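Peer 1: Sequence and predicted model, in that order:
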Amino acid sequence: MRLTPSQQEIIKSTVDRVLGAGSRVWLFGSRVDDDLRGGDIDLLVETEAKFPNRAKVICSLYGALILALGDRKLDVLLKDGRTVDTPIFGIAKRTGVLL
């Protein structure tokens, strides 16, 4: 996995601060492969919480992660308690690493 322990902790603590404790975060995509270089940070965040405005929550989480990690290329998927399960969530969990 090509995230430092510090980056992993920053991501988890930022997700907990924005969404509340109990969220699960997976890193997926190219950053999971130690043999690759570069690439954005692809995150799947899963929570049982139900948000009336997912777009607003995703924007808040994305902004908080950018402020905490620095200006990085990030992709954030959010699966809350109202989100319909789609193949991308299964792929991210199957190929990713739980932080």
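Peer 2: Perfect, thanks for sending it.

Peer 1: Report the secondary structure element holding the residue nearest in space to the middle of the chain.
Peer 2: Centroid check for the chain by Cα atoms, centre = their mean gives residue 43 as the closest residue, at 2.9 Å. Secondary structure assigned from DSSP states H and E places residue 43 in strand 41-46.

Peer 1: what packs against that strand?
Peer 2: Counting contacts by 3 or more Cβ pairs under 8 Å, 6 or more residues apart in numbering; DSSP states H and E, strand 41-46 is packed against helix 5-19, strand 24-28, helix 54-69, strand 74-79, helix 87-95. Heads up, the C-betas are built off the backbone N, CA and C, glycines and all.

Peer 1: Can I get it in CSV, CA atoms only?
Peer 2: Listed next in CSV are the C-alpha coordinates belonging to strand 41-46 (Å, rounded to 0.1, in the frame of the first residue of the first chain):
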residue,chain,number,x,y,z
ILE,A,41,-5.8,8.3,-3.8
ASP,A,42,-9.1,6.3,-4.4
LEU,A,43,-11.2,5.9,-1.2
LEU,A,44,-14.4,4.2,-0.5
VAL,A,45,-16.1,5.4,2.7
GLU,A,46,-18.9,3.3,4.1
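
Peer 1: what does it contact?
Peer 2: 3, 11, 15, 19, 23-31, 61, 65, 69, 72-79, 89, 92-93, 96 (Cβ atoms under 8 Å, 6 or more residues apart in numbering).

Peer 1: Around the closest residue to residue 62 other than its chain neighbours, how many other residues sit close by?
Peer 2: The shortest distance from residue 62 to any non-neighbouring residue, by Cβ to Cβ, 6 or more residues apart in numbering, is to residue 76 (5.3 Å). Residue 76 has 16 neighbours, counted by other Cβ atoms under 10 Å.
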